[in-house]
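In: this one's sequence-less:
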């Protein structure tokens, strides 16, 4: 039995924090929905002013803002609230780095429902939720693409700078393009790049809109349909696989990668973006924890280690893969 002076006394605090952590997600979403961070950045620092601009009760705003202060999103001094550096950059709608739209999908009722009975998910080894409303052309895919566009944009810029070939005409296939951020980022750097984006038809309408806004619409082409079935075309110098492999198991990914290899020119390259845990599968924390996201939301998906991803590519006929960290995610480059 440990002595009373032991520095490692058992403490239930972590348990209670974990069991209440859902409140943190919904509190942040509520603040985003009410534009609390934007109102504070615009000068409404007191409860009454924030409540008036947010069309909310003063009690509700006081409790919410205090909670966000405790959580490190706001500061509070003499009754006045302010933004922490992270909130100022990423949660003020006027900031070019605004990420608040991500709450629209990450705390979407469908997303949350997938984890309401995680016990059943663990027993099954995959999602326990009927995905009938996530069929091809379902509205939720457009909502996902629209909500996650700013986050995609962050990784896309880093990837584009690495794989860009200035002054060289290239044909690029962007699989599961979503909002189109990755292909568009390359096209903006290279005026000789032609992008072929594959996704569901309704999602591609959004990526085309984004391509036009970026001034690359004339070089942005679409391939509507299932990545495992539709004719992907051929003659590509580069294939982009942004956040796609984690939805499927090893065998399914090898099947896709064989199709990718057939679409590439000899000497072509694949650029894959993923959350990649280390071999211990508990580090780095964010990438490793993504395995639980995939367990709850997919039938057979996972967060794969570099060793596992490399094995998939080799089985599909590619050479070795090499990795480069880009923020919380990893860029994996593989040559054919």
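Out: Looks like it came in fine. Model, not experiment: these values are computed from the prediction.

In: verify the contact between residue 197 and residue 183 for me.
Out: Yes - under the criterion of CB atoms under 8 Å, residue 197 makes contact with residue 183 at 5.6 Å. (Each C-beta comes from the backbone N, C-alpha and C, glycine too.)

In: who has more neighbours, the two?
Out: residue 183 (31 against 28; other CB atoms under 10 Å).

In: state whether residue 267 is indeed within a strand.
Out: Yes - the assignment for residue 267 (DSSP: H, G, I helix; E, B strand; the rest coil) places it in a strand.

In: what about it, how many neighbours?
Out: Look at residue 267: counted by other CB under 10 Å, it has 8 neighbours.

In: now swap in residue 30 and tell me
Out: Residues within reach of residue 30, counting by other CB under 10 Å, total 18.

In: I figured it was touching residue 64, is that so?
Out: Yes - applying CB under 8 Å, one finds residue 30 in contact with residue 64, separated by 6.2 Å.

In: shared neighbours, residue 197 and residue 183?
Out: 174, 177, 207, 220 (CB atoms under 8 Å, 6 or more residues apart in numbering).

In: show me where the stretch 51-200 of the chain has its helices.
Out: Using DSSP state H, counting those that start in this stretch, the helices of the stretch 51-200 of the chain run over residues 58-70, 85-90, 103-106, 109-113, 118-124, 139-163, 181-189.

In: of those, which is nearest residue 281?
Out: When the helices of the stretch 51-200 of the chain are compared by CB to CB, helix 118-124 sits nearest residue 281, at 15.5 Å.

In: helices or strands up against the closest one?
Out: helix 285-297 (3 or more CB pairs under 8 Å, 6 or more residues apart in numbering; DSSP states H and E).

In: need the next SSE after the helix it packs on, C-terminal direction.
Out: Next helix or strand after helix 285-297 toward the C-terminus (DSSP states H and E): helix 306-315.

In: hmm, back to that, now the common contact residues for residue 30 and residue 64.
Out: Joint contacts of residue 30 and residue 64 (CB under 8 Å, 6+ apart) do not exist.

In: which residues of the stretch 101-250 of the chain score low on pLDDT?
Out: 131-135, 137 (pLDDT under 70).

In: and if we set it to 50?
Out: Residues of the stretch 101-250 of the chain meeting the criterion pLDDT under 50: 132-133.

In: can you give me the domain assignment for this structure?
Out: The chain breaks down into these domains under automatic domain parsing: 13-100, 118-144+155-335.

In: distance to residue 111 for those domains - can I get that in TSV?
Out: Formatted as TSV, those follow (distance: least, CB to CB, whole Å):
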stretch	distance to residue 111
domain 13-100	10
domain 118-144+155-335	7
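
In: nearest to residue 109, of those?
Out: Nearest to residue 109, of all the domains of the chain, is domain 118-144+155-335, at 10.3 Å by CB to CB.

In: give me whichever of the helices of the stretch 51-200 of the chain is most buried.
Out: helix 181-189 (a mean of 25; mean count of other CB atoms under 10 Å).

In: tell me the angle of it relative to helix 139-163?
Out: With axes from the mean of the first three to the mean of the last three CA atoms, to 10 degrees as the basis, helix 181-189 and helix 139-163 are set at 40 degrees to each other.

In: chain center to helix 181-189, what's the gap?
Out: For helix 181-189, the gap between its own C-alpha mean and the chain's C-alpha mean amounts to 17 Å (CA atoms, centre = their mean, to the nearest Å).

In: what of stretch 285-301?
Out: Distance, stretch centre to chain centre, for stretch 285-301: 12 Å (CA atoms, centre = their mean).

In: what's the mean pLDDT across that stretch?
Out: For stretch 285-301, mean pLDDT rounds to 96.

In: in that stretch, what's buried?
Out: 287-288, 290-291, 293-298, 301 (16 or more other CB atoms under 10 Å).

In: mind putting the residues you listed into TSV with distance to residue 16?
Out: Converted to TSV, those look like this (distance: CB to CB, whole Å):
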residue	distance to residue 16
287	27
288	23
290	25
291	25
293	23
294	27
295	24
296	22
297	26
298	30
301	31
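
In: give me the buried stretch members for the helix or strand harbouring residue 259, please.
Out: Assessed by DSSP H and E, residue 259 sits inside helix 250-263. Neighbour counts using 16+ other CB under 10 Å place 250, 252-254, 256-257, 259-261, 263 of helix 250-263 among the buried residues.

In: same question, stretch 67-80
Out: So for stretch 67-80, counting by 16+ other CB under 10 Å, buried means 67-69, 73-75.

In: was I right to think residue 304 contacts residue 278?
Out: No - Residue 304 lies out of contact with residue 278 (CB under 8 Å); the separation is 11.5 Å.

In: please say which of these two ends up with more neighbours.
Out: Remark: of residue 304 and residue 278, residue 304 carries more neighbours, 25 against 13, as counted by other CB under 10 Å.

In: how far away is the nearest residue to residue 166 once chain neighbours are set aside from residue 14?
Out: Leaving out its chain neighbours, the residue that sits closest to residue 166 by CB to CB, 6 or more residues apart in numbering is residue 190, at 6.1 Å. Residue 190 is 49 Å from residue 14, where distance means CB to CB, to the nearest Å.
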